[in-house]
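K.L.:
Predicted model and sequence below, questions to follow.
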Amino acid sequence: MALLDTSPGGADAFIDALPWSVVIWHADGTTVANDRFVAMFGNHDPATLPMVLPSGMAAPWRPEGPEEEQVTLDDGRHIGVHRSPTPDGGVLTVQTELKGASSTAAQARSQGHLVSIIENISDGVLLIDADGALIEYNRRLLSLYGIDHRQVRRGMPYDEFLLLCGDLDALDPARRRQEIERRRAFALDPARRFTLRQLFTGETLEINKEITPDQAAVITVRDITETLRQARALEEERRRDRDAIQHKSRFMARMSHEMRTPLNGVLGVSALLERSNLNPQQRAMLGAIRDSGSVLLRLIDDLLESTRLDTVDFELQARPFLVCDVVREAVQIIEPEAHRRALRIDRRPAASKLPLVVGDAVRLKQVLLNLLSNAVKFTDEGSIAVGLSGRVVGPGARVSLYVSDTGIGIAEADFTRIFEQFEQLNPERSRLSGGVGLGLSISKRLVEAMGGTLAVSSAPGRGSRFTIDMVLPLAGETAA
């Protein structure tokens with residue numbers, strides 16, 4: 001039985017189901033190209049394409065030429081070409097893309113004709129006509145099903161072929177008949193195009209099927225056992241990572257609670273002692289206790305927050321708030337420390353009439369406090385400015401916040417590094433203030449979780465400016 005009937009109206013439709021690029025040049029001047037040709041060369045009519053490439057090489061779809069050759073396209077792809085005559089006096093051309101080291105003329109020649117191409121495909125291939133008889137197959141298909149190639153012949157009924165499947169040998173007769181019928185039903189049912197099949201020898205096969213207009217079936221079979229094993233191994237590794245992160249988060253939360261309780265006791269007693277009658281030396285020592293305790297509390301909070309951001313159950317709140325209120329509250333918290341260091345804070349909330357928006361006001365304030373705290377920490381003299389601008393864009397508000405200072409500044413080469421965990425550009429200042437290099441990392445991750453960006457512009461000795469840009473949905477009403 002011939003592999004292809006190339007007469008008009010026969011293979012013209014049948015080739016669309018083949019897994020290779022195929023063109024039939026009929027003797028009457030008409031051409032037929034399958035979908036794979038369109039996918040490979042981006043055109044459905046090879047007759048409208050140039051027969052010579054810009055490089056001077058013959059085009060791989062050209063009917064004239066040697067029986068086998070290799071063509072290199074201008075985009076670097078290597079195409080193996082086979083040409084053979086058809087019964088009506090035309091030419092059948094088959095194009096296959098050759099990859100890697102296999103892109104050699106020797107391999108192109110080894111594919112010789114269409115049957116050879118089928119044989120060299122890594123997947124199993126089976127062609128069945130409308131009457132359920134085998135048209136063509138390759139040895140890869142036989143190896144997947146454990147079939148001796150000497151037992152198979154072209155033209156044999158598909159039912160007989162199924163009886164040869166080695167993975168069914170261990171089944172009892174009734175179960176074997178049931179499984180054969182199941183496989184036969186899939187192959188001959190035009191409505192079913194895909195299935196996964198678990199062989200009784202343990203392998204898992206991915207089976208795809210195309211049906212031609214004359215009801216012939218082109219079936220490709222791929223062993224995905226190793227792919228599934230790797231996917232399961234990857235998923236198991238991800239599960240272990242998630243479990244480890246959750247365990248770390250629970251540990252940090254527990255330790256944070258256990259450390260905060262006595263630490264809050266120390267800070268509370270320190271506050272009470274400050275109201276008592278202390279001499280200057282005692283007051284200085286009490287101040288050292290209070291400052292050290294505050295630094296330790298900030299450190300615990302940062303470590304816990306960094307761990308919480310890694311957990312899968314981290315969620316942002318979505319509640320109505322006014323951005324100008326968040327700015328005002330953050331500035332009020334940081335102002336006492338700024339005044340203690342003789343620094344001025346300028347508020348420039350140009351968007352004080354910005355509508356009520358929906359988002360996580362607590363997290364946004366946390367980011368602003370981190371930026372303001374850094375500005376105070378790294379500014380010896382001058383001022384700190386906080387700006388807010390925004391406008392309504394469709395169903396949301398585009399909000400821009402910035403914190404700028406006249407501090408020591410940052411080199412452009414360090415713009416990326418400062419947002420990494422545990423990075424400190426000035427460890428001595430950070431040590432005195434109790435920082436461990438987590439504040440900017442946490443801030444950037446929080447802003448990105450809210451769908452925004454956090455950027456920096458700075459230069460050594462000229463201060464820094466950190467800008468938050470984000471779009472927040474409107475709450476449906478506007479503040480008065």
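P.N.:
Done, it's in.

K.L.:
Helix, strand or coil: sort out residue 50 for me.
P.N.:
coil (DSSP: H, G, I helix; E, B strand; the rest coil).

K.L.:
Local confidence estimate at it?
P.N.:
Turning to residue 50, the model gives it a pLDDT of 87.

K.L.:
For the residue nearest to it when sequence neighbours are not counted, grab the count of nearby residues.
P.N.:
Among residues not flanking residue 50 along the chain, residue 59 sits closest, at 6.3 Å (Cβ to Cβ, 6 or more residues apart in numbering). The way it works is simple: take the backbone N, C-alpha and C, and place the C-beta from them, glycine included. Counted with other Cβ atoms under 10 Å, the neighbours of residue 59 add up to 20.

K.L.:
for residue 240, same thing?
P.N.:
Using other Cβ under 10 Å, the number of residues around residue 240 comes to 10.

K.L.:
quick one: secondary structure of it?
P.N.:
Residue 240 ends up helix, using three-state DSSP.

K.L.:
do you know how far residue 378 is from residue 343?
P.N.:
Plainly put, residue 378 is 11 Å away from residue 343 if you go by Cβ to Cβ, to the nearest Å.

K.L.:
circling back: next one: phi and psi at the residue nearest to residue 50?
P.N.:
phi -70, psi 140 (degrees, to the nearest 10).

K.L.:
and it, what is it in contact with?
P.N.:
Residues in contact with residue 59 (Cβ atoms under 8 Å, 6 or more residues apart in numbering) are 49, 50, 51, 52, 53, 71.

K.L.:
Among those, the buried ones, what's the PyMOL command?
P.N.:
To isolate the buried members of the contacts of residue 59 in PyMOL, using 16 or more other Cβ atoms under 10 Å:
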select buried, resi 53+71
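
K.L.:
Check which helix or strand residue 221 maps to.
P.N.:
strand 217-223 (DSSP states H and E).

K.L.:
got the contact list for that strand?
P.N.:
Contact with strand 217-223 is made by 17-19, 121-128, 141, 144, 187-188, 203-212, as judged by Cβ under 8 Å, 6+ apart.

K.L.:
which residue ranges form the helices in the stretch 101-250 of the chain?
P.N.:
Listed in chain order, the helices of the stretch 101-250 of the chain (DSSP state H, counting those that start in this stretch) span 105-110, 114-120, 139-144, 158-163, 173-188, 225-274.

K.L.:
lowest-confidence stretch among the ones you listed?
P.N.:
Least confident of the helices of the stretch 101-250 of the chain, judged by mean pLDDT, is helix 105-110 with a mean of 42.

K.L.:
Which secondary structure state does residue 329 sit in?
P.N.:
Residue 329 is classified as helix under three-state DSSP.

K.L.:
For it, which non-adjacent residue is closest in space?
P.N.:
Nearest in space to residue 329, with sequence neighbours left out and distances taken as Cβ to Cβ, 6+ apart, is residue 365 at 6.1 Å.

K.L.:
Tell me how many other residues surround the one you found.
P.N.:
18.

K.L.:
how close does it sit to residue 332?
P.N.:
Distance, residue 365 to residue 332, using Cβ to Cβ: 11 Å.

K.L.:
that older thread, dump the helices of the stretch 101-250 of the chain to CSV, plus distance to residue 133.
P.N.:
Below are those laid out as CSV (distance: least, Cβ to Cβ, whole Å):
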stretch, distance to residue 133
helix 105-110, 29
helix 114-120, 17
helix 139-144, 16
helix 158-163, 7
helix 173-188, 11
helix 225-274, 30
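
K.L.:
Count the neighbours of residue 56 for me.
P.N.:
When neighbours are counted by other Cβ under 10 Å, residue 56 comes out with 6.

K.L.:
what helix or strand is it on?
P.N.:
Under DSSP H and E, no helix or strand contains residue 56.

K.L.:
what do you get for residue 472?
P.N.:
Using DSSP H and E, residue 472 sits within strand 464-473.

K.L.:
send the alpha carbons of that strand over as PDB?
P.N.:
What follows is strand 464-473, C-alpha atoms only, in PDB (Å, rounded to 0.1, in the frame of the first residue of the first chain):
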ATOM      1  CA  SER A 464      19.000  61.000  47.500                       C
ATOM      2  CA  ARG A 465      15.500  60.900  46.200                       C
ATOM      3  CA  PHE A 466      13.400  57.700  46.400                       C
ATOM      4  CA  THR A 467      10.200  57.700  44.300                       C
ATOM      5  CA  ILE A 468       7.100  55.400  44.600                       C
ATOM      6  CA  ASP A 469       4.800  55.200  41.600                       C
ATOM      7  CA  MET A 470       1.700  53.100  41.600                       C
ATOM      8  CA  VAL A 471      -1.900  53.000  40.400                       C
ATOM      9  CA  LEU A 472      -4.600  52.400  43.000                       C
ATOM     10  CA  PRO A 473      -8.300  51.700  42.300                       C
END
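
K.L.:
List the buried residues for that strand?
P.N.:
In terms of neighbour count (16+ other Cβ under 10 Å), strand 464-473 has its buried residues at 464, 465, 466, 467, 468, 469, 470, 471, 472.

K.L.:
hang on, the last one packs against residue 399?
P.N.:
Yep, that's residue 472 we're talking about. Yes. The pair residue 472 / residue 399 is scored as a contact, 5.9 Å apart, by Cβ atoms under 8 Å.

K.L.:
so what's residue 301 scoring on pLDDT?
P.N.:
The pLDDT attached to residue 301 in the predicted structure is 73.

K.L.:
For residue 322, what are phi and psi?
P.N.:
Phi and psi for residue 322, reported as degrees, to the nearest 10, are phi -100, psi 130.
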